[in-house]
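Student: Sequence plus the predicted model coming up.
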Amino acid sequence: MDFAIRRANPDEYDLLGEITAQAYLRDGLLDFGESDEYLGELRDVAKRAAAAEVLVAVENGRLLGGVTFVPGGGPMADIAGAGEAEIRMLAVDRAARGRGAGEALVRACVDRARATEACVRIVLSTQRTMRSAHRIYERLDFVRTPERDWNPLPHLDDITLLTYQLTL
């Protein structure tokens, strides 16, 4: 592991937004492809960074991927409640996958959650097809919480997001 995990710099926002968008598009995770309105959210790193902490994995000056850490509540939280932090929008550039950057980003979020006062767990949502991410979460002792699974687009029945949590 020859990369560093740190906060994203504003001059990296556009590139990270594109890495994130392309990861979701190329992995077939957006229902409507380029017209999916969530794609704009994935690309808008500045908006995320204003409301949460955006972390990146960097190797020799090259951005490998990133994640959004939501320390609790606020506009970036999807499912986090009181005493919970949330992980959102984990993505690693396709060319950099399989080298531990995704796991290192998740570990950094766990470390931040442990350092957050009154935080007792970290939660996240994921799609059924994100199996590589599921393996990372399970390796780090996250457990499935099917009672929290939810649908961000209620008018589409087949978009249920799976949830995981790690009690700190």
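Tutor: Ah, there it is.
Student: Name the residues that touch the lowest-mean-pLDDT helix or strand in the chain?
Tutor: Scoring the helices and strands of the chain by mean pLDDT, DSSP states H and E places helix 38-43 at the bottom, with a mean of 86. For helix 38-43, the surrounding residues in contact (C-beta atoms under 8 Å, 6 or more residues apart in numbering) are Gly17, Glu18, Thr20, Ala21, Tyr24, Leu25, Leu30, Lys47, Met89, Ala91. (C-beta placed from N, C-alpha, C; glycine too.)
Student: Give me the pLDDT value at the last one.
Tutor: For Ala91, the model assigns a pLDDT of 95.
Student: Return the distance of the host helix or strand of it from the chain's centre.
Tutor: Counting by DSSP states H and E, the element that carries Ala91 is strand 84-92. Relative to its chain's centre, strand 84-92 lies at 3 Å (C-alpha atoms, centre = their mean, to the nearest Å).
Student: In terms of secondary structure, what does that strand contact?
Tutor: Counting contacts by 3 or more C-beta pairs under 8 Å, 6 or more residues apart in numbering; DSSP states H and E, strand 84-92 packs against helix 13-26, strand 62-70, helix 101-115, strand 121-126.
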